[in-house]
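In: can't give you the sequence, but here's the structure:
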Ligand code: 13P
Ligand code: SF4
């Protein structure tokens, strides 16, 4: 299937026929982003999914994102073009492991901790969670919890380290999960690229293994602190627009995240030269949503995503808290 003008017209026609809104994450293939009604980060897309009037949501992203939409809108039909599009980070903690972790506190006679789970988790993990967060609002979510309360943060260790650094909170306990794509963007690689591009700003997603080392490098004076920005994918777009609007905005920006992000950044600020820190950082799950898969999805009404009603009910409060906190 060619993602040409004819394909694009057919996608739009079928979407209308199904009363479907097409949502695409910033890591999707460029042609999928371009045909969608909305592109965005996990938080923005969850908010759109929750408020859309369409009876069907087609989620061009990974499975946990479609599940989150279904939890928020149980009466809508939620479709994903390929249900095999999983997430290595969501797979790094199970509901059983989370229950056991919580129990270590109560069994030691301590008050039950508050569980904050990244949205990159299964619906079953969300059902064991007090508040979900995304990379855009993780710091605000943790700040919303009384200071004396123990917080369990799962599953991403690098986002957890970023939140701990920002909040200075000693009672934040972090699960040791990671995303294989972001963890692979490492410190030495970043240091080399930054040294070779002394004028460039650095946009770093907090899931990256290099997020922590970037700040150490900045602390050592090897990297001016004002060049390093730790941002969600939506935050990167805002920062790109802002720096393009400034007369003397930076000429080049090194981007440490999944490479799909470059498409939106280049569209938002064509005058800035965006370069990937690691151009092999491509998420094979995100790329399962091909033009052919999207066409089949709209023609056949598949793959449909369902979350058992009992699990959805237990997870809904945590997801609703997430969409109301932060920008
Ligand atoms: P955000 O779009 O929320 O920054 O999330 C990044 C991500 O890894 C989604 O899979
Ligand atoms: Fe999951 Fe990482 Fe892929 Fe995002 S980039 S969907 S966190 S595996």
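Out: On my side now, so go ahead. All values reported here derive from a predicted model rather than from experimental measurement. Ligands and ions are numbered 1, 2, ... in the order given.

In: now the strands for the stretch 1-150 of the chain?
Out: 20-25, 38-40, 56-60, 77-79, 114-118, 131-133 (DSSP state E, counting those that start in this stretch).

In: what about residue 53, neighbour count?
Out: 7 (other C-beta atoms under 10 Å). In short, each C-beta sits where N, CA and C put it, glycine included.

In: for it, give me its contacts.
Out: By C-beta atoms under 8 Å, 6 or more residues apart in numbering, residue 53 lies in contact with nothing.

In: give the rounded mean pLDDT of stretch 224-232.
Out: What stretch 224-232 shows for mean pLDDT is 86.

In: and that stretch, which residues are buried?
Out: Going by neighbour count (16 or more other C-beta atoms under 10 Å), the buried part of stretch 224-232 is 227, 228, 230, 231, 232.

In: reformat these as a markdown table; add distance to ligand 1.
Out: A markdown table is the format used below for the buried residues of stretch 224-232 (distance: C-beta to the nearest ligand atom, whole Å):
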| residue | distance to ligand 1 |
| --- | --- |
| 227 | 20 |
| 228 | 17 |
| 230 | 11 |
| 231 | 8 |
| 232 | 4 |
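
In: coming back round to it: dump the strands of the stretch 1-150 of the chain into JSON lines; add mean neighbour count, distance to ligand 1 and mean pLDDT as well.
Out: Putting the strands of the stretch 1-150 of the chain into JSON lines (neighbours: other C-beta atoms under 10 Å; distance: least, C-beta to the nearest ligand atom, whole Å; pLDDT from 0 to 100) gives the following:
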{"stretch": "strand 20-25", "mean neighbour count": "25", "distance to ligand 1": "6", "mean pLDDT": "98"}
{"stretch": "strand 38-40", "mean neighbour count": "21", "distance to ligand 1": "7", "mean pLDDT": "96"}
{"stretch": "strand 56-60", "mean neighbour count": "26", "distance to ligand 1": "12", "mean pLDDT": "98"}
{"stretch": "strand 77-79", "mean neighbour count": "23", "distance to ligand 1": "17", "mean pLDDT": "97"}
{"stretch": "strand 114-118", "mean neighbour count": "25", "distance to ligand 1": "9", "mean pLDDT": "97"}
{"stretch": "strand 131-133", "mean neighbour count": "27", "distance to ligand 1": "9", "mean pLDDT": "97"}
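
In: wait, which of those strands is closest to residue 297?
Out: Distances from residue 297 to each of these were compared using C-beta to C-beta; the minimum, 5.5 Å, belongs to strand 77-79.

In: right, and residue 206 touches residue 136 too?
Out: No. Here residue 206 lies out of contact with residue 136, judged by C-beta atoms under 8 Å, at a distance of 9.9 Å.

In: what sits in contact with each of those two?
Out: Common contact partners of residue 206 and residue 136 (C-beta under 8 Å, 6+ apart): residue 232.

In: residues contacting residue 184?
Out: Contact partners of residue 184, counting by C-beta under 8 Å, 6+ apart, are 209, 278, 280, 281.

In: buried only: go through these for me.
Out: When the contacts of residue 184 are checked against 16+ other C-beta under 10 Å, the ones flagged as buried are 209, 278, 281.

In: any idea how far residue 206 is from the closest residue to the second one other than its chain neighbours?
Out: By that I understand residue 278. With sequence-adjacent residues excluded and distances taken as C-beta to C-beta, 6 or more residues apart in numbering, residue 278 is closest to residue 185, at 4.7 Å. Using C-beta to C-beta, to the nearest Å, one obtains 12 Å as the distance from residue 185 to residue 206.

In: residue 8: neighbour count?
Out: Here the number of neighbours of residue 8 (other C-beta under 10 Å) works out to 14.

In: mind checking how far it is from ligand 2?
Out: 25 Å (C-beta to the nearest ligand atom, to the nearest Å).

In: quick check, that residue in contact with residue 35.
Out: Yes. In this structure residue 8 lies within contact range of residue 35 using C-beta under 8 Å: 5.2 Å.

In: rewinding a little: ligand 1 next: which of the contacts of residue 184 are close?
Out: Restricting these to those touching ligand 1 (C-beta under 6 Å from any ligand atom) yields no residues.
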